[in-house]
Structures are given as structure tokens and as C-alpha cells.
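Visitor: Build the 3D model from these lines:
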Amino acid sequence: MKKTIAILGVIALAALVLPLAAGAVVEPKTQTEYPDAAVMDLSDGAVSLKVTGVGLREKTFMKVDVYTIVSYVGDGLEGSDIMAFDGPKRLQMDLRRGFSREKLVASFSETIEKNFEDMSAFETDMAVFLAYFDRDAQEADRIVFDFAPGAGLTTSLNGEVKGIIDNTAFAQALWSVWFGQKPANGDLKKALISELGD
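Guide: Sure thing, here's the model as predicted:
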């Protein structure tokens, strides 16, 4: 009997360890798990991406969970300046609560405005981007941003492509929400580059 219990214990431990060994990163508070690699399909072939970090966006002093987010980049990144990186990169947001469209749009636009005194290079494209979000955000919504030189910035909501913006300046502006000098949250920025190492 003791031997059976011991074997079951080993199996249970293996079940916990194996997903991580297979290549995953986990957001600590929510235990949300993401693959440590991804693939971006482009017209000239598939591009491999590696994870740079995973984090949780919280709001208010009560630390209400808003969304988990994971960041990936392709080859060529030197250092940790993902915002300026002009190679393939991806951000995936998984919403953990619903909130109004106005709050969602403001979360993007207000942070971008803090990071850029002059938005003339992408102002029109930002208006197009914000118009993608034409309903309130819902729990379990998944928003994915894919950028690659020559392919532009593709925004998807729950697997549906909302549009493509071919403007590197706007892609950098969008990434500033998480990686700019004045990101939405400094701790989240650190979490999203935590897998890059020294």
C-alpha cells in the first residue's frame, strides 16, 4: 500500500513538472501557462519566435486581475529594447475580466500619448487601430498583435483578423504600452523581458 502511494506521488509530481519541461512559461499569480516558443506564419514562410516574458496586468489597490500577457520575438534582438526591435514580434493578451470598450481604448491611447510628444507619424493609423475595438471587452477575449517587417502589424481578436497596419512607427507606438519609457506598468515591463537573461 505504501509503495502504491509512493508511486502515485511520483506520477503526480511528474504531471506537474512535465508541462514545464516540455517548454512553458507560467504567470505566477494566475498560473496561466504559455509555450516558450511560437510560430508566425508569413507569406514567405514561417518564422520561429522565442518567449521574452509573461506577466499579469492588475488594476487598483485591490489588485484586480485584468489580463495576462506574453511576449515573443524572432531572431536578431540585441539587449532588451523590444519596442524598437524591427523584427518579427508578438504580444498576446488574455483577458481575465470584462470592461468597457472606452476603458480598453483608453488603456492603449493614454499610454501611447505619454510616450510620444509627436504622434504625427502614426496618428491616422492609431485611429484605425482603435476602431477595431467596437464592443466591450469580455472575459476570455484573446487579443494578438503580430508585427513583421514587410507584413505590417496584424491585430486579431479571438482568432479573427481585425486589420493590418503597415506602419513600423505605429507598431513601435503600440509596443510602448508595455515597453516604452513610460509603460502602463513598470513591474509588468520587467516581467515581459524576464526570460531574456542578462
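Visitor: rest of the way, CA atoms for contacts and neighbours
Guide: Will do.
Visitor: Neighbours of M83, how many?
Guide: Using other Cα atoms under 10 Å, M83 has 18 other residues around it.
Visitor: can you pull the contacts of it?
Guide: In this structure, M83 makes contact with 172-173, 175-176, 179-180, judged by Cα atoms under 8 Å, 6 or more residues apart in numbering.
Visitor: Distance to D65, secondary structure and neighbour count added to the residues you listed, as a markdown table?
Guide: Compiled in a markdown table, these are given as follows (distance: Cα to Cα, whole Å; DSSP: H, G, I helix; E, B strand; the rest coil; neighbours: other Cα atoms under 10 Å):
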| residue | distance to D65 | secondary structure | neighbour count |
| --- | --- | --- | --- |
| Q172 | 26 | helix | 21 |
| A173 | 24 | helix | 25 |
| W175 | 21 | helix | 21 |
| S176 | 21 | helix | 25 |
| F179 | 20 | helix | 25 |
| G180 | 22 | coil | 24 |
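Visitor: From those, pick the one nearest V144.
Guide: Checking the contacts of M83 against V144 with Cα to Cα, the nearest one is W175 at 12.2 Å.
Visitor: ok, now how distant is the nearest residue to the closest one once chain neighbours are set aside from G180?
Guide: Closest residue in space to W175, ignoring its immediate chain neighbours: M83 at 5.2 Å, by Cα to Cα, 6 or more residues apart in numbering. Distance, M83 to G180, by Cα to Cα, to the nearest Å: 7 Å.
Visitor: Beta-bridge partners for the nearest residue to K29 once chain neighbours are set aside, please?
Guide: In space, K29 comes closest to L56 once its chain neighbours are excluded; the distance is 7.9 Å by Cα to Cα, 6+ apart. Note on L56: beta-bridge partners by DSSP bridges are T68.
Visitor: Name the next helix or strand downstream of the helix or strand bottoming out on mean pLDDT in the chain, please.
Guide: Every helix and strand of the chain was ranked by mean pLDDT, DSSP states H and E. The lowest is helix 2-21, at a mean of 39. Following helix 2-21 in sequence order, the next helix or strand is strand 24-27 (DSSP states H and E).
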